[in-house]
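Asker: predicted structure and sequence below. I'll ask about it afterward.
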Amino acid sequence: MKKKFFIVIDGIDGAGTTTHSSLLAGFLEGRGLSLHLTQEPSNSDIGQILRKFLKNKEIPPCTDALLFAADRSLHYYNEIKSKLDEGYIVISDRYIESSIVYQSVQSDEISIEWVKEINKFAGEPDLTIILDINPKISLARKTQEDLEKFEDTIFLDKVRELYLKRAEQKGYYIVNSDDIIEIVQEKIQKIVIDSLLNN
């Protein structure tokens, strides 16, 4: 079984990326694998600024995109790559796809190609899993205080559509997360184990 491996779990807000990243990490650790769990925005100073900006509707979409790219390059080189080089399996709760999808949907002035360009220094994952869910269900899982500026059903419908389109184009795995957690996690675990054994 391959040890050094970079896994990303992504999807619209409320799809369960944080829950399932954590459960997957516990599952792999239970199998004796060296595991590092991380998330985006990261815990860097840039990531902390981003978390504040995600609540502020007056921040331009291009600023969001540039800050995410800056946080991601720092995150990749200082944390993800260093752990991969040590032989760890790294799981990231969100990564480049979040920026490509959210920022390009957020503004007609932001192209997918531009988002990819400003993120070109961040390494590619070995495996990307997209958690898919109806936005009405995903938003129902959140309290009003938890909501970020991106979170309304009209916007998230467009985000979901682009996630699914890109998943098809890029060959990402899609897992419907509108089910009980144990069943969703079992599907994720199977994809990951198969990928670790076959790569």
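Answerer: Received, thanks. Numbering: from 1, shown residues only.

Asker: from residue 100, how far out is residue 132?
Answerer: 16 Å (Cβ to Cβ, to the nearest Å). Backbone N, C-alpha and C define where each C-beta goes, glycine included.

Asker: give me the more crowded residue out of the two.
Answerer: Between residue 132 and residue 100, counted using other Cβ atoms under 10 Å, residue 100 has the larger neighbour count: 23 against 17.

Asker: what's the closest non-adjacent residue to the more buried one?
Answerer: Counting by Cβ to Cβ, 6 or more residues apart in numbering, the nearest residue to residue 100 once its immediate chain neighbours are dropped is residue 115, at 4.9 Å.

Asker: how about the secondary structure of residue 36?
Answerer: Using DSSP: H, G, I helix; E, B strand; the rest coil, the structure places residue 36 in strand.

Asker: now the helix or strand residue 28 falls within: buried residues?
Answerer: Using DSSP states H and E, residue 28 falls within helix 17-30. Neighbour-count burial for helix 17-30, counted by 16 or more other Cβ atoms under 10 Å, picks out 17, 19-25, 27-28.

Asker: give me the local confidence score for the residue nearest to residue 100.
Answerer: With respect to pLDDT, residue 115 scores 98.

Asker: my reading is that it lies in a helix. Confirm?
Answerer: Yes: assessed by three-state DSSP, residue 115 belongs to a helix.

Asker: and it, how far from residue 190?
Answerer: Residue 115 is 31 Å from residue 190, by Cβ to Cβ.

Asker: between the two, who's got more neighbours?
Answerer: Legend: neighbour count by other Cβ under 10 Å for residue 115 and residue 190, higher for residue 115 (21 against 12).

Asker: surely that one meets residue 102?
Answerer: No: using Cβ atoms under 8 Å, residue 115 makes no contact with residue 102, being 9.2 Å away.
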